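Undergrad: please work out how this folds:
(chains A, B and C)
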Amino acid sequence: MSPLRVTKSRDEFEGEIYESTVVVEGRDLAAPRDGAAGDEVGRPRPRVDGRARVTGAAVYTHDLHLAGMLHAAILRSPYARARVKRVDASKAEALPGVRGVLHRFNAPEVEFRQEKALFRDEVRFLGDEVAAVVADSEGLARYALTLIAVEYEVLPHVVDLEEAASPRAPKIDPDGNVHDAGSYTRGDTRRALREAEATIDVTYRTSTQMHNALETHGAVASWDGERLTVWESTQSVFGVRNMLKDALGLAPAQVRVLCEHMGGGFGAKLGTYKYAVIASLFSMRLGRPVRCVLTRREENLAAGNRSATLQRLRLASSGDRITAIEHETWSNSGQGRWAANPTGPTNTLYDVANVSSVAHRVTTNAGALSAFRAPGYVEGTFALESAIDELALRIGVDPLALRRRHARSRTDPRTGNRYSLKRLLDCYTIGAKEIGWSERRAGGTRGSAPHRRRGLGMASQIWGGGGGPPAYATVHFETDGTAVLRVGVQDIGTGTRTAVAQVCADEIGLRLDQVRVRLGDTEAPYGPGSGGSVTLASIGPAVRLAAHDARAKVLRAAAGILEVRAQELRLERGMVVSEGARTPLGDVMKKLDNSTLIGTGLRHPNPDGLALKTFGAHFARVEVDLRTGEIFVEKIVAVHDVGRIVNPLAAASQVQGGIVQALGFALTEERIVDRGLGRVMNANLEWYEIPTAMDVPEIVVRFVGAPDRRANNLGAKGLGEPPIIPAAAAVANAVANATGARVRHAPMTRARVLAALSMAGIA
Amino acid sequence: MRLVVNGTPREADVREHESLLTVLRERLGLPGSKNACEQGECGSCSVLVDGELVCSCLVLAAAADGRRVETVEALGSAERPHPVQRAFVEAGAVQCGFCTPGFVVAAAALLRENPEPTDAEIREALAGNICRCTGYGTILDAVRRAARITT
Amino acid sequence: MSLFSYTKPRALSEALRLLRGGATALAGGTDLVTLVRHGVARPERLVDLTGIEGLRGWSREKGKGIRIGALTPLADLETSAQLAKLLPIVRESLRDAATPQIRNVGTVGGNLLQRNRCWYFRDEGVPCWLKGGTRCFAVDGESRYHAVVGAHECWMVSPSDLAPALIACDAEIEVASSLGRRRMKLADLFVAPQGKRRREHALREGELVAAVRVPEGALERRGTYLKAMERKAWSFAIVSVAASARIREGRARDVRVVLGGVAPVPWRVAAAEKQLEGTALDDNACLAAADTLLDGATPLRDNGYKVTLARELVRRALRSLAG
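TA: Sure thing, here's the model as predicted:
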């Protein structure tokens, strides 16, 4: 056993680099070579939990029905900003079946999300928590909310990004509404802009996108007098555990968080929110399980969003080189205290000598942002990649050719580190061929009907996804020779459970159905939250090591039982194979009685001095009706460079899903807020329009597929976020190619397309 | 109220304003149908009432009195899945799975009426079901696959 | 959700008696249930009409046109091959209406009588004029889906896809109450809220729509229905157009053009139709008629694009009748 060592690891999470202290034990394995897929890894596999999900047997947080369970509901502010002067809950409390009410005048002191109180004295957005009721049924709890009388002193509010940034806006933060959210410089953009042969100066906008996972946020909390068990629909059981233990003043061992199945997160479920604290407080007070689940309306008010942005880009070129990019952004953070910086792609995607970017976050009286699948990068890529096309048009260069010239660098310009692997140029080549880029004509081509024009567009993607430590796995064998793999991560629908089972089965030499995965439970050693596309690249290598360890042990044990040398044995699909003999592993294990073999594995640090990135490119073919502004997305080709693909079936679905979410962002999805009322007018799935099966184009998914052997022992990187990043810009560029009109605001609604066509003198 | 759920006569105490979905999930122990939008916009609560595909969140429980209701639980089990359920698993049409029961019921209803649907017919039949994860491609594959299994 | 009583009579007379007493009619429920759940409608008594015999299904009597029972599910009309031959515009209008789940239970009568989709109206927390408040919040608020023409105190738009299509077929309705039956033009069912009239429909207390009738003459006309939506399915119309005409020797007769999604009622202007009589429905004639239809349009902050869209959809719909 090699000694422990304490070291540092630098890992990227959602566009930011974090350094952490990690303890490492043992040696890592080398990643298998290109094409060295086993029986499982690299092959399309249906989900191991698929049957539970298609039959309705899978139990989600929403579905939990515990004995004696009570239901909590939350009273939310009807004003965008107001002081809560008085709360009279006596009528609600007097209602039979109501078991308790919490509000700012009676709630215990709770520190949560950097604030001292659970219920604010000044509520700061429409939907802010004012009080909570717990009752025998959800209906009763919601009815009781209507009986709570609250006296508000209404204060001036501002909800719109651009209004809030103006000097005339009411100051809702004492130091003003506009705050720094990061900046970056290399070279001298001022000079490059001055000396350029061509420049463009353009402004883009993106609207607020809502996650709207099908399962709304929710938790069930159950206090047994000593310990709190919380079932939560979450992307991070440990994240929830840590936030709750801090809020409630409990020890880590007193809070257990479980998430077996969950109905989608997309970033909004990385931490927890007040509903879980409320459910916990009520449960601790009453000693009964308490369920608190948000309605669709609440989900759209108070459970996170992708910030609206305003972005100004100035690009300069001389000859066939882009010489400078300046990017300044403002993001509507609502009541969030951070911004998803949109300038990440600007700072890192292209080999441009002079780059300067400044990001601002703007506080408004709207719900806080949260991470939303490639936060910042989706918004920033829409603007950057639109601007690159606008420059290409200005200087008369094919936009793909222009990108190629600036995509060759082997080092990350921000850190100077070499990329572990970068196959962006291959993405371009594969995608261009598949979409028929050579048929692209400046000004587009004729469409399939009168007044329709057809166009092609593309855009590139950069993202992290390298993952990192800490992450742990254990594998032990049942007496029948099947394995139990235990990891501290959760499966948010991406197929983590199946992917880790594949890795485990291959490394040990078992069939997939001989590996049972236990996850979504903080009783396991730590696993990361499922965000930043880190899950598989973090936990996968730990699983491989644990399985490797388990296999070595089981073979040594088998050697003793079978009376051969361990080196002469191997495991193949659940059979112990020696020269001339095949014994089911179960037969061997039976002879060990209850002796249990346990393999352990951990995630080793990322390699020093290397930048781990994912790359990709999307190509779009669209038709646009010049008279009605209707956009028909006909085909999207997505090519991604994310290292080894563990499960091609799940990976392809992941890419398609990301693209369709991006099409929503590009075409139809937009939170609509009345500025005067401070009210979200489409807090539902009627006017918040998520793409349907009718909206989906032909989607072609390709992977470069080369394992990133320097990244980790699997050679795999993350795929959760990359596919949502470039699709909107690819579509916008295709629309511009088709029509000659540039739509600079996502989503590209009828109104915006018609306005752009009219500006260009077309409609 | 009395109704026949998945072939079995059932009784439940209901309040007038409750939906059939609430009765199924909270009174009859059938949480397969999901509550995701509460107003007929997402199809996650799809069930068959007297053989017709409906959003159970829009059906007043009282109005379902005396009717025949089939939920996803009736179509098949993990041991004996319905061809549509099998196809959804094999085609990789399940990600988080929360919308899946609604899709499975809608797809089964489609294939009952129209065993060999065209692609356009599949899309139209599923346009009332929202999926936030898969992008629908694998779901359309699954329905085509199920059509092949059944015919 | 407010509390209410529920009854499901078997006989029409019983239902009419209950309606007379102030009960609220419930058919498919796809609209009413959401209104009640969100506190916008607060009925004390619901009368479920779906148990009544004889109001379901459609029939054709030679020479007398088509009669459609008000309780006929939309899906039955949409999927009837026979009806599609007689009245293709109905199928066209229903194909993009709502979702299969909703069309299966939503009824013809319910579709015609559905409340508008204005987000201020539908939000319990907004005291808009139509709900008894003092002003329409869309006027200086979020108005991208609101009316561009024909609005008075309230800028909501008529949401039905079926209504413009049936009005383009000169449909009439049979209205029943405990006092007897009357017939009226379907177009007259829709009223723009104004003055003391804070509602969208002209039914009197205690009345229900029993049937829709399409006269024989309308079956001889070609019809078409076009709808603009933000996404490709399951959206209410931004703008829709139902048009029909008889084409004789390349000339249009008996032209009807009805717009949905632009006004508080299905929007029809007699002068525009008259203008098209005898024309070849060429581009110029169509656009001139569209201009007449939209004459006096006063878009709000966000919805000027609807005028552009409506002009083009009118042109296309009429052109397709000519072609």
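Undergrad: against C:T30, how distant is the residue in chain B positioned nearest to chain C?
TA: The minimum distance from chain B to chain C, using CB to the nearest CB, falls at B:G128 (2.6 Å). From N, CA and C alone the C-beta is placed, and that goes for glycine too. According to CB to CB, to the nearest Å, B:G128 and C:T30 sit 11 Å apart.
Undergrad: overlap in contacts, those two.
TA: B:C55, C:A98, C:I102 (CB atoms under 8 Å, 6 or more residues apart in numbering or on different chains).
Undergrad: below-threshold pLDDT in the stretch 351-500 of chain A: ranges please.
TA: Along the stretch 351-500 of chain A, segments meeting pLDDT under 70 are nowhere present.
Undergrad: that one: helices as residue ranges?
TA: Ranges of helices within the stretch 351-500 of chain A are A:377-395, A:399-405, A:424-435, A:496-508, based on DSSP state H, counting those that start in this stretch.
Undergrad: surely C:R213 is within a helix?
TA: No - assigned with DSSP: H, G, I helix; E, B strand; the rest coil, C:R213 falls outside any helix and is strand.
Undergrad: flag the shaky bits of the stretch 1-150 of chain C, pLDDT-wise.
TA: The model of the stretch 1-150 of chain C has pLDDT under 70 over residues C:1-2.
Undergrad: output the shared contacts of B:G128 and C:T30 as TSV; include the columns secondary structure, neighbour count and distance to chain A.
TA: Supplementary listing: those in TSV, determined by DSSP: H, G, I helix; E, B strand; the rest coil; neighbours: other CB atoms under 10 Å in any protein chain shown; distance: CB to the nearest CB, whole Å:
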residue	secondary structure	neighbour count	distance to chain A
B:C55	strand	32	12
C:A98	coil	24	10
C:I102	helix	25	12
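Undergrad: could I get those as TSV with distance to C:I173?
TA: As requested, those are exported to TSV (distance: CB to CB, whole Å):
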residue	distance to C:I173
B:C55	27
C:A98	21
C:I102	22
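Undergrad: which one of these is nearest to A:A559?
TA: B:C55 (60.6 Å; CB to CB).
Undergrad: dump the residue contacts of the closest one.
TA: By CB under 8 Å, 6+ apart, the contact list for B:C55 reads B:L21, B:G40, B:G43, B:C45, B:S46, B:G128, C:T30, C:T99, C:Q101, C:I102.
Undergrad: which one of the helices of the stretch 351-500 of chain A lies nearest to chain C?
TA: Taking CB to the nearest CB, helix A:377-395 is the member of the helices of the stretch 351-500 of chain A nearest to chain C, at 18.4 Å.
Undergrad: give me every residue in the stretch 51-200 of chain C lying close to chain A.
TA: Contact residues (CB under 8 Å from any CB of the partner chain) of the stretch 51-200 of chain C with chain A: C:R117, C:W119, C:Y120, C:D123, C:G125, C:V126, C:F137, C:D140, C:G141, C:E142, C:R144, C:Y145.
Undergrad: the third one and A:G676: what is the separation?
TA: Distance, C:Y120 to A:G676, using CB to CB: 11 Å.
Undergrad: joint contacts of these two?
TA: Counting by CB under 8 Å, 6+ apart, the contacts common to C:Y120 and A:G676 are C:F137, C:G141.
Undergrad: between those two, who's got more neighbours?
TA: Neighbour comparison, C:Y120 and A:G676: the larger count goes to C:Y120, with 29 against 13 (by other CB atoms under 10 Å in any protein chain shown).
Undergrad: CA atoms of stretch A:448-463 as PDB?
TA: The C-alpha trace of stretch A:448-463 is given here as PDB (Å, rounded to 0.1, in the frame of the first residue of the first chain):
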ATOM      1  CA  SER A 448     -38.700  25.200 -50.500                       C
ATOM      2  CA  ALA A 449     -41.600  27.600 -50.800                       C
ATOM      3  CA  PRO A 450     -42.300  31.200 -52.100                       C
ATOM      4  CA  HIS A 451     -40.800  33.800 -49.800                       C
ATOM      5  CA  ARG A 452     -38.600  31.400 -48.100                       C
ATOM      6  CA  ARG A 453     -34.900  31.600 -48.000                       C
ATOM      7  CA  ARG A 454     -32.500  28.900 -46.900                       C
ATOM      8  CA  GLY A 455     -29.200  29.400 -45.000                       C
ATOM      9  CA  LEU A 456     -26.400  27.600 -43.300                       C
ATOM     10  CA  GLY A 457     -24.700  28.700 -40.100                       C
ATOM     11  CA  MET A 458     -22.300  27.300 -37.600                       C
ATOM     12  CA  ALA A 459     -20.700  28.100 -34.200                       C
ATOM     13  CA  SER A 460     -18.000  26.700 -32.000                       C
ATOM     14  CA  GLN A 461     -18.000  25.600 -28.400                       C
ATOM     15  CA  ILE A 462     -15.500  25.600 -25.600                       C
ATOM     16  CA  TRP A 463     -16.200  24.300 -22.100                       C
END
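Undergrad: chain center to it, what's the gap?
TA: Its chain's average C-alpha position is 26 Å from that of stretch A:448-463, according to CA atoms, centre = their mean, to the nearest Å.
Undergrad: stretch A:637-645 too?
TA: Its chain's C-alpha centre and that of stretch A:637-645 lie 17 Å apart, by CA atoms, centre = their mean.
Undergrad: helix, strand, or coil at A:V588?
TA: For A:V588, the assignment made with three-state DSSP gives helix.
Undergrad: from chain C, how far out is the residue nearest to it when sequence neighbours are not counted?
TA: Excluding its sequence neighbours, the residue lying closest to A:V588 (CB to CB, 6 or more residues apart in numbering or on different chains) is A:A558, at 4.7 Å. For A:A558, the distance to chain C equals 56 Å [CB to the nearest CB, to the nearest Å].
Undergrad: circling back: in a markdown table: the helices of the stretch 351-500 of chain A, plus distance to A:R33 and mean neighbour count.
TA: Converted to a markdown table, these look like this (distance: least, CB to CB, whole Å; neighbours: other CB atoms under 10 Å in any protein chain shown):
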| stretch | distance to A:R33 | mean neighbour count |
| --- | --- | --- |
| helix A:377-395 | 31 | 26 |
| helix A:399-405 | 29 | 19 |
| helix A:424-435 | 18 | 21 |
| helix A:496-508 | 14 | 27 |
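Undergrad: adding distance to chain B, write those helices out as JSON lines.
TA: Shown next, in JSON lines, are these (distance: least, CB to the nearest CB, whole Å):
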{"stretch": "helix A:377-395", "distance to chain B": "15"}
{"stretch": "helix A:399-405", "distance to chain B": "25"}
{"stretch": "helix A:424-435", "distance to chain B": "16"}
{"stretch": "helix A:496-508", "distance to chain B": "10"}
